[in-house]
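K.L.:
Sequence below, structure please.
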Amino acid sequence: MTDLLPAATLGHIATQRIKGDAAHRVLTKDGFDTAEAEITAWDGYAPTPLHALDALASHIGVGKVYYKDEGPRFGLASFKALGGSYAALRMLQRELSRRRGQEVSLADIRTGKYRNECAGITLVSATDGNHGRSLAWGCQMFGAPCRIYIHAEVSEGRAKVMRDYGAEVIRISGDYDASVALAKSEAEANGWFVVSDTSWEGYTEPPRDVMSGYCVMTREVCRTLDEAPTHVFLQGGVGGLAAGVIAALVQHYGDASPRVVIVEPDLAACLFESAGQGKATSVTIAEETIMAGLSCGEPSALAWEILEQEATDYLTIPDTLVPPAVRLLARPLPGDPVIEAGESAVAGLAALIAARANADLSKALGLDGTSRVLLIGSEGITDPEIYQQIMEDQAVA
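P.N.:
Down below sits the predicted model:
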């Protein structure tokens, strides 16, 4: 079970699941229903594949491995197509309704009834790549100007895609958290509207909308499976993906919802640190991880409310596991499908394989031959140049 990836030591913190209502209160069923009804009406909507990696499951000694492949989502190569664009639409709805003094429908904005008015509402955000791509795409679809702030390590390939969707891209010299701060300050100074996937004090509605959009992906999974997974391995970042998926799973499966394992780069482990401290805790990122979408030092307070109650395990993985995991999906074990995945997509996969190579960690996580594990393949090829370097086994800057 150790031959698929290099040997690695994973950090692990175990916590207790807390009986509470966060998975129903922070993200409500009504909010999910509204998001699903709207997003599934968009041109190009189609459920993304849920692959059963049976050869891999047999090789590492679990019952099932399910991989939700978000690479094909709306042609944006990422699950975030469901979040930033929907949150943009909801922001436009709130502002147009305020200006007009009456409720404006999502459908009317989507179909262009208020396109001229949307042109006067500038939406901004910071991003590592995928959230900004989704926001830029949504702004183009709905007719609103878009400004995206990126940090020094975001690849030029990802920046170009956002420009191609019509966004003005502003690169700063600092890290992701510095780009968030600049987006907030410039929006406040200019009367623009921040559409962020992370929350802070007094700012909750757009990140709530972002996470609500993710229900589409999770509900597709639940409708496909005959029984609940026993485990779900979820990427960290600010926590929005994990919180959105967890809430939808809990609302669907109730007490039978799967054990939640959060996976982060050891270079950017704010949720791991939060679990250790017992409260939302920021970390300083001294070195950027190859998992660009997970390079976040400050957790979303809104997402943490759900994770604090529902997640029971937090893992950190080294970057050395990522390129081999990407290549494993592209060149799979015989019988498994070929999957093109980006660097952040394979965090859960890498952690699962590494955990099964460690008997003590497997036992601690409750993994055995009957486990049914759900993985969220959060992105496809979001930067072709980096993907090519990985496939050719080159060092990736």
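
K.L.:
helices and strands around the longest helix seen in the chain, which ones?
P.N.:
Counting residues, the longest helix found in the chain (DSSP state H) is helix 84-100. With contacts defined as 3 or more C-beta pairs under 8 Å, 6 or more residues apart in numbering; DSSP states H and E, helix 84-100 has these neighbours: helix 29-39, helix 106-110, helix 115-118, strand 123-127, helix 130-142, helix 205-213. The way it works is simple: take the backbone N, C-alpha and C, and place the C-beta from them, glycine included.

K.L.:
Give me the angle between it and helix 29-39.
P.N.:
Computed by axes from the mean of the first three to the mean of the last three C-alpha atoms, to 10 degrees, the angle separating helix 84-100 from helix 29-39 equals 100 degrees.

K.L.:
which residue ranges form the helices in the stretch 201-350 of the chain?
P.N.:
Applying DSSP state H, counting those that start in this stretch to the stretch 201-350 of the chain gives helices spanning 205-213, 215-224, 240-253, 270-277, 301-310, 322-330, 347-356.

K.L.:
Met391: which of those helices is closest?
P.N.:
Between Met391 and the helices of the stretch 201-350 of the chain, the shortest gap by C-beta to C-beta is with helix 322-330, which sits at 6.4 Å.

K.L.:
Measure how far the closest one is from the centre of its chain, please.
P.N.:
Centroid displacement of helix 322-330 relative to its chain, using C-alpha atoms, centre = their mean, to the nearest Å, is 19 Å.

K.L.:
One more: stretch 273-283?
P.N.:
Taking C-alpha atoms, centre = their mean, one finds the center of stretch 273-283 at 19 Å from the center of the full chain.

K.L.:
ok, and what's touching the longest helix of the chain?
P.N.:
For helix 84-100, contacts defined as C-beta atoms under 8 Å, 6 or more residues apart in numbering pick out 35, 38-39, 103-106, 109-110, 114, 117-118, 121, 123, 125, 131-135, 137-139, 141-142, 144, 193, 195, 197, 205-207, 209-210, 212-213.

K.L.:
May I see the buried residues of that helix?
P.N.:
84-96 (16 or more other C-beta atoms under 10 Å).

K.L.:
any chance of those in CSV, with pLDDT too?
P.N.:
Listed next are the buried residues of helix 84-100 as CSV, based on pLDDT from 0 to 100:
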residue, pLDDT
Gly84, 94
Ser85, 97
Tyr86, 97
Ala87, 97
Ala88, 97
Leu89, 98
Arg90, 98
Met91, 98
Leu92, 98
Gln93, 98
Arg94, 98
Glu95, 98
Leu96, 98
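
K.L.:
Now flag whichever of these is closest to His151.
P.N.:
Of those, the one sitting nearest to His151 (C-beta to C-beta) turns out to be Gly84, at 17.0 Å.

K.L.:
Could I get the contacting residues of the closest residue to that closest one other than its chain neighbours?
P.N.:
Using C-beta to C-beta, 6 or more residues apart in numbering and skipping the chain neighbours, the partner closest in space to Gly84 is Ser134 (3.3 Å). Contact analysis of Ser134 by C-beta under 8 Å, 6+ apart lists Leu76, Ser78, Lys80, Ala81, Leu82, Gly83, Gly84, Ser85.

K.L.:
Which among those residues count as buried?
P.N.:
Buried among the contacts of Ser134 by 16+ other C-beta under 10 Å: Leu76, Ser78, Lys80, Ala81, Leu82, Gly83, Gly84, Ser85.

K.L.:
What separation do you get for the first one and Tyr253?
P.N.:
Which is Leu76. As for Leu76, its distance to Tyr253 is 28 Å (criterion: C-beta to C-beta, to the nearest Å).

K.L.:
from what I can see Leu123 touches Gly191, true?
P.N.:
No. Using C-beta atoms under 8 Å, Leu123 is not in contact with Gly191, being 11.8 Å away.

K.L.:
Those two: which is more packed in?
P.N.:
Under the criterion of other C-beta atoms under 10 Å, the comparison of Leu123 against Gly191 puts Leu123 first, with 28 against 8.

K.L.:
Pull the number of nearby residues for Lys279.
P.N.:
12.

K.L.:
for Arg115, same thing?
P.N.:
Using other C-beta under 10 Å, the number of residues around Arg115 comes to 12.

K.L.:
which residues sit in contact with it?
P.N.:
Per C-beta under 8 Å, 6+ apart, neighbours of Arg115: Phe142, Gly143.

K.L.:
Rebuild the buried ones among the contacts of Ser134 as JSON lines, extending it with distance to Gln235.
P.N.:
As requested, the buried ones among the contacts of Ser134 are exported to JSON lines (distance: C-beta to C-beta, whole Å):
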{"residue": "Leu76", "distance to Gln235": "17"}
{"residue": "Ser78", "distance to Gln235": "12"}
{"residue": "Lys80", "distance to Gln235": "12"}
{"residue": "Ala81", "distance to Gln235": "16"}
{"residue": "Leu82", "distance to Gln235": "15"}
{"residue": "Gly83", "distance to Gln235": "13"}
{"residue": "Gly84", "distance to Gln235": "16"}
{"residue": "Ser85", "distance to Gln235": "20"}
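
K.L.:
nearest to Lys279, of those?
P.N.:
Gly83 (25.2 Å).

K.L.:
what sits against the closest one?
P.N.:
His131, Ser134, Asp197, Asp209, Val210, Met211, Gly213, Tyr214, Gly240, Gly244.

K.L.:
one step back: could you measure the residue nearest to Gly84 against Ser85, distance?
P.N.:
5 Å.

K.L.:
What of Gly112?
P.N.:
15 Å.

K.L.:
again, but for Ala107
P.N.:
Applying C-beta to C-beta, the value for Ala107 to Ser85 is 15 Å.

K.L.:
of the contacts of helix 84-100, buried ones?
P.N.:
For the contacts of helix 84-100, buried by 16+ other C-beta under 10 Å: 35, 38-39, 104, 106, 109-110, 114, 117-118, 121, 123, 125, 131-135, 137-139, 141-142, 144, 193, 195, 197, 206-207, 209-210, 212-213.
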